[in-house]
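Undergrad: only geometry, no sequence info:
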């Protein structure tokens with residue numbers, strides 16, 4: 001039995017025409033074996049594109065797609081000098097990690113340890129920055145930065161001194177400068193400076209005597225005066241005596257030639273200053289009372305506490321006057 005290639009009907013062997021579809025059965029077809037396939041059921045040859053076997057009608061499996069090929073960049077096998085091809089040639093592999101001896105890459109420049117000159121430059125910059133900040137904070141180029149002397153006028157009205165003080169006499173030697181000059185072009189000699197301070201001390205002692213006499217007259221009712229004004233004057237004298245003591249400590253004794261005169265001057269000034277303290281306290285008692293005569297006993301007691309200093313000053317002031325003949 002044959003199978004009609006057109007309709008698949010079973011036809012008797014030797015039939016030239018299919019009794020069902022009247023297809024010619026005596027035509028021979030030429031099929032390329034390279035493109036043909038065989039039926040898995042009967043082994044008959046199946047034309048390309050057919051899905052069923054023309055002989056047994058078995059369904060034929062579709063062709064598998066062609067296998068993809070990878071395009072590899074493989075090296076060509078070169079011939080040796082003797083004409084024979086070498087095998088086992090490995091493909092060059094490019095690494096993302098630079099070699100250790102590659103000094104031209106960016107990674108190599110970043111990975112290298114800083115050189116000594118880099119450390120030296122960093123140290124120099126640190127010194128410049130720190131030194132500049134120190135200079136900026138301390139201002140050593142300002143001449144007035146480390147000056148401890150008072151250079152601005154001060155209103156001392158509320159401190160017991162009338163008016164404005166330009167400079168403190170205790171800042172200067174002699175009568176007005178650091179070099180011991182008296183204000184003239186020629187500097188004062190050590191004896192002249194000590195003598196000037198001695199005369200100034202006598203004038204301050206007279207002011208203290210006048211202030212004490214005025215206080216006694218006030219508390220005894222002999223005269224009427226402003227106790228607050230008297231207290232201000234006593235404080236003013238006390239400040240002047242303190243300044244004189246400070247300035248005396250800066251006077252020169254001419255390498256010991258006038259050491260004794262200078263010592264006497266400071267001793268007299270301290271005795272007078274003790275009288276000033278008692279005088280200021282006594283004036284304070286009178287100024288704080290509604291009636292100054294009511295504190296007469298207290299004021300007299302306060303002044304009597306400094307009577308010994310007054311006696312010592314008056315007894316030794318004339319005897320301790322500095323003279324050129326006393327210089328040794």
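TA: Right, received. Where do you want to start? Source: prediction; values computed, not measured. Residues are numbered from 1 along each chain as shown.

Undergrad: what number of residues lie near the nearest residue to residue 7 once chain neighbours are set aside?
TA: Of all residues not flanking residue 7 in the chain, residue 21 sits nearest, at 4.2 Å (Cβ to Cβ, 6 or more residues apart in numbering). Every residue, glycine included, has its C-beta placed from N, CA and C. Counted with other Cβ atoms under 10 Å, residues neighbouring residue 21 total 13.

Undergrad: same deal with residue 117?
TA: For residue 117, using other Cβ under 10 Å, the count is 8.

Undergrad: got the contact list for it?
TA: Contacts for residue 117 were tallied using Cβ atoms under 8 Å, 6 or more residues apart in numbering; there are none.

Undergrad: and it, which helix or strand is it part of?
TA: Under the criterion of DSSP states H and E, residue 117 resides in helix 116-138.

Undergrad: can you give me the strands in the stretch 1-150 of the chain?
TA: Using DSSP state E, counting those that start in this stretch, the strands of the stretch 1-150 of the chain run over residues 2-3, 10-11, 37-38, 45-46.

Undergrad: the second one pairs with which strands, and in what direction?
TA: Strand 10-11 has these partner strands in its sheet, going by DSSP bridges: strand 2-3 (antiparallel).

Undergrad: which residues touch the partner strand?
TA: So strand 2-3 is in contact with 9-13, 15, 25, 54-57, going by Cβ under 8 Å, 6+ apart.

Undergrad: picking that back up, please identify which of the strands of the stretch 1-150 of the chain is closest to residue 127.
TA: Closest of those to residue 127 is strand 37-38, at 91.6 Å (criterion: Cβ to Cβ).

Undergrad: so residue 193 makes contact with residue 251?
TA: Yes - Residue 193 is within contact range of residue 251, at 5.2 Å (criterion: Cβ atoms under 8 Å).

Undergrad: number of residues surrounding residue 60?
TA: 18.

Undergrad: restricted to buried residues, select the contacts of strand 2-3 in PyMOL.
TA: Buried residues among those (16 or more other Cβ atoms under 10 Å), as a PyMOL selection:
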select buried, resi 11+25+54+55
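
Undergrad: for the residue lying closest to residue 60 once chain neighbours are set aside, what are its contacts?
TA: In space, and not counting its chain neighbours, residue 60 is closest to residue 46: 5.3 Å by Cβ to Cβ, 6+ apart. Residue 46 makes contacts with 36-39, 53-54, 60, as judged by Cβ under 8 Å, 6+ apart.

Undergrad: least confident pick among those?
TA: Across the set of these, residue 36 stands lowest in pLDDT, at 68.

Undergrad: which residues in this protein form helices?
TA: Remark: helices assigned in the chain by DSSP state H are 106-111, 116-138, 190-219, 227-248, 259-288, 296-304, 307-316.

Undergrad: got the contact list for residue 306?
TA: 274-275, 277-279.

Undergrad: now, among these, which is nearest to residue 236?
TA: The closest of the contacts of residue 306 to residue 236 turns out to be residue 279 (Cβ to Cβ; 11.3 Å).

Undergrad: that closest one: neighbouring residues, count only.
TA: 26.

Undergrad: what's the spacing between it and residue 266?
TA: Distance, residue 279 to residue 266, using Cβ to Cβ, to the nearest Å: 20 Å.
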